[in-house]
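Undergrad: pasting the structure only:
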């Protein structure tokens, strides 16, 4: 989608004409694209891309979310080798590696357990998007505690609770 088209789409879904999208407006927009998420999932999307802490998305933030979702969907389609419209564990691992996440097997198993609610051993597109949003939130929160980018952090209990409350 080109910049003018994204701007037009943003304007058409900004029902209250505030210049920002709230959870209900974004949820409606996603459903038009056949991405049906509950309010808590849409709120997680907003929090992952809201740089101002307002729980609303500006056009620039919406644009980054849109790019993220397009990339996730393309990655999903690319790594769905058998065209089953689901990702097997090995396909999830390949897709996450391609995105820069080197998760060891116990972490991948925990991620699958969390994001595979029907325990099928596979992820649908919606489930994969949720997993990627969770990882996005993890990166954002981890980075806040790792200003030198060392890849390691040390937290006291209060910091851990604070960090955990920011990871959806």
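TA: Done, it's in. From a predicted model like this one, the values you see are computed outputs, not experimental measurements.

Undergrad: Let me know the helix or strand that the residue nearest the centre of the chain is in.
TA: Residue closest to the mean C-alpha point of the chain, counted by C-alpha atoms, centre = their mean, is residue 133 at 2.0 Å. Here residue 133, judged by DSSP states H and E, is contained in helix 125-145.

Undergrad: other SSEs contacting that helix?
TA: On a contact count with 3 or more C-beta pairs under 8 Å, 6 or more residues apart in numbering; DSSP states H and E, helix 125-145 meets helix 39-49, helix 59-79, helix 89-98, helix 105-115, helix 157-166. Quick note: C-beta positions are derived from backbone N, CA and C, even for glycine.

Undergrad: Report the angle between that helix and helix 105-115.
TA: 120 degrees (axes from the mean of the first three to the mean of the last three C-alpha atoms, to 10 degrees).

Undergrad: Identify the residues contacting helix 125-145?
TA: For helix 125-145, contacts defined as C-beta atoms under 8 Å, 6 or more residues apart in numbering pick out 35-37, 41, 44-45, 47-48, 68-69, 72-73, 76, 85, 87, 92, 95-96, 99, 101, 111, 114-117, 123, 149, 153, 155, 159, 163, 166-168.

Undergrad: which parts of that helix are buried?
TA: 125, 127-138, 141 (16 or more other C-beta atoms under 10 Å).

Undergrad: Stretch 8-21 now?
TA: 9, 10, 13, 14, 20, 21.

Undergrad: So the fourth one sits against residue 20, correct?
TA: By that I understand residue 14. Yes. The pair residue 14 and residue 20 passes the contact test of C-beta atoms under 8 Å, sitting 7.2 Å apart.
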